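S.K.: missing the sequence, but the structure's below:
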Ligand SMILES: Nc1ncnc2c1ncn2[C@@H]1O[C@H](COP(=O)(O)OP(=O)(O)OP(=O)(O)O)[C@@H](O)[C@H]1O
Ligand SMILES: Nc1ncnc2c1ncn2[C@@H]1O[C@H](COP(=O)(O)OP(=O)(O)OP(=O)(O)O)[C@@H](O)[C@H]1O
Ligand SMILES: CC(C)C[C@H](N)C(=O)O
Ligand SMILES: [Mg+2]
Ligand SMILES: [Mg+2]
């Protein structure tokens, strides 16, 4: 589904990614963990075409590096950013509708989203700007699904969520997997990552420091010591 | 009776004049409202695009005649507008609306000068096409010019077009969302830059069309932009920033009020005179008392605007912010 | 030597076409003078335009600039509002900088106060003032049977006020039976849609309109009247100024009249060819013949005094006569108001004969109704001129 | 001990939707209180109501006995209550130091003065520098705020809130978006600055909540379903199902 | 911080000295009255920046205060001329300031309730309203004719009659100095700093105990008063006021000037006023295209130099402070050269075009940079085009190097305490 090769990314002159190689298989949940500031968000932004980079990004076998973000999106990549970026002035419903891509016919409709997050249905007509932190998180997730992506990049979806909702989000991701959508999950909370993902990448200093299954990571004390714990 | 007839005649004609003037104002301000309402850009060069519309139309009509000009001139203006958006506003987007506003403000200076350069300082003999000169109908003895009628027609057509655009497409939503998070909108698969360019171009086209119509209804001269420059802002503000129906309402309001005000030579002094209060040049504040409504006509729109802003800052039909 | 004249005109804004024409005529006349040595073989005129933007303050700024650049002769082709400001500024300058005096030639502003209460030794006025013109107009109206109800409309500034004042008392004196059914003022240069005013005129039932409007304020007024099918007569001062003829067009034929000191079809044997040459040089009409008198009289003065000193030449010009294209003119010493013939003319189809030249390629031009000789056209003055001692 | 802040059956609805449905709360002065609750429960809204950004639809809000419901933010502040924001909210073009200077002005009685030279005001400078010290940004004293990193901004956010010396302080998710390491630091900071003051925090990070609070209030659907000591809150079954559900798991990884 | 007062004292001395010697350097005729205008405009621009730069209020009606101040002054002067009121000319600017202050107190309260675009619109409305109003009360505002006065009245002040232009200059210079000091001081007060806070984040200001409305109101009244002083000085200079002194055009012009100068630096507006007055008062004397040049340079500033001209100086100073002039010198030089080539080409073309449209009748020959130029000869057009092309190509090549070099310096800024200090900066 997704495959990056020797990805180097830059903000202005500061060199953030130093050759990142990750792959995401079809219908697979892959997590990207690591300390703050190591470049996880940058990685997903780069895939989304928002950060200038060199190397290669192949999606469904076709090179998408250098394409404009909206083209990449139209090819079936969904993105849930770290900063939730709901459209504050638009109503919740309009926010969701904006998720729909111009041409394609979508597997997900408003009702599916409302079934997933009943709270959204209640708040349907209020401007999204007034939603609580958590609600905004749900909204962005739903909005991305409306676009019917084959791969979703999610950056820290559980941030600022009440513990119970955090658990829910985990389940939603599972559900998507069931719908045979691939997920690249950037997570801060290791427990979830370990729980729901098939493979885990640990990132350090803008490069992949470890790749393997949750089990392997769970056992590998030194990696966790060096790259995750404080 | 003779007198009575004349009053009726006067009222009808004045009303028609007011409405047609109001509709021209609407043609002018609709584009402005559109651009502001959608993109949040206060386009100070809007009146300049109106002027360009008139000049293009003049030049074109000398070669191809009015009807071609009527279609082509607005398109040229639109093209120009898109160029402005693409090379002027787009790079400024990140600095926020004030710098966009300032850019258009500077642009208005430049456009006047370009007009000077290309067409000179004098007024252009941009004439009403023969098909449309003459009277549409006569009220008793006064003829109502066919061209003013035509003007009204075009304005209404314009209103319809915009309405369809806004209701039948998602453009509005996309733009509004892009105001706060352009990257996110792109990430959802919308081509934001192109949409912005189209909207701005569209707004300018409307101004251009107004120019084609207003240019020969009144005068085509370099100061024509400045002449309407601030009144259209008044319309937009009174109507409620970004509200199209508000703009329509405000335009008609101003058009009619101003037209009738000109006719009323009554002053406070006259009013008081009714109550046997004599106001003479000696009275303190005679200036104020002797001021006739027709003298006030020029100031009325601004007076209304300021009052509106005080009692109802979001304008007649504007949404309250926050 | 070169006689450098700085003339202050409105070269930008709504009245630019008027100012442009005046400047061009000035330079045209200067060339003519230089070709014919009006100021003697060894003196040449040079005219430079300064843009007063039709604003008193801006014009005074330009005056300062001109003076700073060493100009001693200043022309002014603006509204009376500007003229008053310039006269005032010139007086101040002269009193503060003895030996550096400048003098002002006003060839446009016709507010009578300029040659009465506000008259100045340093200012000369070459256009007949409102009182003179209105007197002639009122006489024409007296002899015009179908004038019964008059509507006076003017620009809301001193000139407009004066026209309305003068018109009302002249009509009262000369034809008491004529009724003034309306008297209205509108903002200067900013009205683009005159329809409301026309509706007003219409409602008043007037058959004749008297207006001192000029520039676009006249052009638009007539245009609006035309499109509302108003058939009233227009008695004007400036219907022959750039812009207006076009908008008067065919529909104004035999209805629009102008009271002026000269028009292109006024006994054209004397100014043979001049109208044509001007037309083909500037693709515009010659109507500011006053500038011939300005250049001519200054030249004559320079020849007489043999010096370029403004004060000396000012004295020389007092009471001077000059043989202008429309007859002999005299600069009256008491108030520096040029005494010259006056015409009343009507907008008519050109006929190659009496109506030879048209204006702005409309196919219509001016046909003289009456010509008033200079002594008949004069008016008394209340001016008490105080002159510098020499 | 006297009551510092008191909410008495406070309601708030936006149009139709009721957000706060009769919230009650009584905070003793000197107490450290944490407000927790599911997303959208109305925690931030409650803060807005207390701090004057929003006005209650009905009910009483009292600050040291005085009714403050309906006052404008600056009026509330002048009565000794300062707050921070969930989304960082500082003066971007001013330096860290100047940010704190501004925040200190009112309490030191300079109001809208135009007859003092700011640099000359010794007390303001000392106050600002002292706070700078506390929030550990002394090194960034003259850096423009918009050049600070996220964690530094959150610290400044707190700094601005405290430098007015108000004795009731409200912090809305002070550690949101911080790594565990960073939030530990933040926790320490909050402990330090809230000594002898009345503190209200909204937090989702249970580490912080339980590490900080003397009392915990649980807000669910606009109602304060519990207000008690941490131990009792942990035990409280209502809270369990309404909110803490997954907290155990999280604690483990913490 | 501690050594700043010293250095700024020096700067003030330089400033004063500059004001003293200016008329000696630019002594020939025209330039004295030009300097006078510049002085008044400088105060006006500085006062405008109290709103735009310091408080973040974009006003389209600042001329209202300038103009009303002017009208107030001229009536006071005429009154004084008639022996009615015994205020010497030197103190007239205070009258202007006072009138404007009152106007600010009256109009300001409503206008400052809102901020941002709404504020901009309200000021536009009030501006137009006052402008229209001036036409309705000719007895007070002189209608189309304006009001004139005589600045020479009463007993002379230390032997100054203020008839001669040079004496007026020194009067204006003195007031310019005083006002500048006052406005700089204002920026240093608590209120001044709070204004900056309002500019950056009005909402938060409410939460540190201040009413944003009140702060905006105070700042508007203050800046209005200084504008009034500027208006008064203009009156003293021209002895005439017209309604254009309250016009939108003037409000717009001052916005242009201020922004070109640079709104985020105290001294920006001074540069702006100098450049602006130069263009309107001097350049307009030489070319009809001056407004084009003004507009274009404004647009260029908005697009490529948001910090205004002042930011150039600031960066140079920074480069100097970092001893990095060396690494920017060459790229900058090449940049400047190519720009000049480009400009030259453009100017030639524009001037010839203007000649063709405006002075066609005077034949094809025109004076350009002191030499006869035939506007019809293709040669000249080719030259112009060539220059433009060379310029733009050169620009393309020079730009990357230029960018890189300066970014090299800017990138330092982040960790550079100096900048922030120098921004709130000395009036250099
Ligand atoms: N817009 C930007 N300009 C310059 N540097 C940036 C920018 N955004 C991020 N960085 C830097 O890039 C590095 C990686 O940032 P990134 O957001 O990818 O970190 P992260 O792994 O997502 O951590 P977290 O999201 O938890 O903060 C950080 O050092 C950050 O300072
Ligand atoms: N102005 C408003 N109009 C309508 N609804 C609003 C408005 N402001 C807030 N709300 C609603 O009030 C509810 C509470 O919002 P609030 O921000 O207080 O939640 P919260 O407790 O802070 O949640 P979180 O912990 O996620 O921040 C949300 O459902 C939100 O949509
Ligand atoms: C330019 C002229 C037509 C001005 C007019 N005659 C006046 O006196 O104001
Ligand atoms: Mg991240
Ligand atoms: Mg919250």
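M.R.: In hand now; what should we look at? Only a predicted model underlies this, so the values are computations on that prediction, with no experimental measurement involved. Ligands and ions are numbered 1, 2, ... in the order given.
S.K.: Every contact and neighbour count from this point should use C-alpha atoms.
M.R.: Will do.
S.K.: Return the set of buried residues in the host helix or strand of residue B:273.
M.R.: Assigned by DSSP states H and E, residue B:273 falls within helix B:268-274. Buried residues in helix B:268-274, counted by 16 or more other Cα atoms under 10 Å in any protein chain shown: B:268, B:269, B:270.
S.K.: swap in stretch B:22-37?
M.R.: For stretch B:22-37, by 16+ other Cα under 10 Å, it's B:22-37.
S.K.: residue nearest the centroid of chain A?
M.R.: Residue closest to the mean C-alpha point of chain A, counted by Cα atoms, centre = their mean, is residue A:154 at 1.4 Å.
S.K.: give me the beta-bridge partners of that one?
M.R.: For residue A:154, the beta-bridge partners are residue A:80, residue A:185 (DSSP bridges).
S.K.: Distance of it relative to residue A:42?
M.R.: Separation of residue A:154 from residue A:42 (Cα to Cα, to the nearest Å): 12 Å.
S.K.: Same question for residue A:213.
M.R.: Going from residue A:213 to residue A:42 by Cα to Cα gives 23 Å.
S.K.: How about residue B:26?
M.R.: Where residue A:42 is concerned, residue B:26 sits at a distance of 48 Å (Cα to Cα).
S.K.: Give me the number of neighbouring residues for the closest residue to ligand 3 within the stretch 201-350 of chain E.
M.R.: Residue of the stretch 201-350 of chain E nearest ligand 3, by Cα to the nearest ligand atom: residue E:242 (15.9 Å). A count of nearby residues for residue E:242, using other Cα atoms under 10 Å in any protein chain shown, gives 25.
S.K.: Which residue is the nearest non-sequential neighbour of it?
M.R.: Nearest residue to residue E:242 in three dimensions, chain neighbours excluded: residue E:146, at 4.1 Å (Cα to Cα, 6 or more residues apart in numbering or on different chains).
S.K.: Over to residue E:129?
M.R.: residue B:302 (5.3 Å).
S.K.: thinking the one you found is in contact with residue E:126, fair?
M.R.: Yes - under the criterion of Cα atoms under 8 Å, residue B:302 makes contact with residue E:126 at 7.1 Å.
S.K.: out of the two, which sits in the more crowded spot?
M.R.: residue B:302 (27 against 23).
S.K.: hang on, the more buried one in a helix?
M.R.: Yes - the assignment for residue B:302 (DSSP: H, G, I helix; E, B strand; the rest coil) places it in a helix.
S.K.: wait, what's in contact with it?
M.R.: Taking Cα atoms under 8 Å, 6 or more residues apart in numbering or on different chains, we find residue B:302 in contact with B:234, E:125, E:126, E:128, E:129.
S.K.: what's the answer for residue C:27, then?
M.R.: Each residue near residue C:27 by Cα under 8 Å, 6+ apart is listed here: C:46, C:47.
S.K.: in which helix or strand would I find the residue of chain D most remote from its centre?
M.R.: No residue in chain D sits farther from the centre than residue D:115, which is 32.9 Å out by Cα atoms, centre = their mean. Using DSSP H and E, residue D:115 sits within no helix or strand.
S.K.: Tell me which stretches of the stretch 151-254 of chain D form strands.
M.R.: Applying DSSP state E, counting those that start in this stretch to the stretch 151-254 of chain D gives strands spanning D:168-172, D:198-202, D:215-220, D:223-228.
S.K.: could you dump those strands to JSON lines with distance to chain A and mean pLDDT?
M.R.: What follows is the strands of the stretch 151-254 of chain D, written out as JSON lines (distance: least, Cα to the nearest Cα, whole Å; pLDDT from 0 to 100):
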{"stretch": "strand D:168-172", "distance to chain A": "11", "mean pLDDT": "94"}
{"stretch": "strand D:198-202", "distance to chain A": "11", "mean pLDDT": "94"}
{"stretch": "strand D:215-220", "distance to chain A": "12", "mean pLDDT": "92"}
{"stretch": "strand D:223-228", "distance to chain A": "16", "mean pLDDT": "90"}
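S.K.: Let me have those strands in CSV, adding distance to residue B:287 and mean neighbour count as columns.
M.R.: CSV is the format used below for the strands of the stretch 151-254 of chain D (distance: least, Cα to Cα, whole Å; neighbours: other Cα atoms under 10 Å in any protein chain shown):
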stretch, distance to residue B:287, mean neighbour count
strand D:168-172, 59, 24
strand D:198-202, 62, 26
strand D:215-220, 65, 24
strand D:223-228, 64, 19
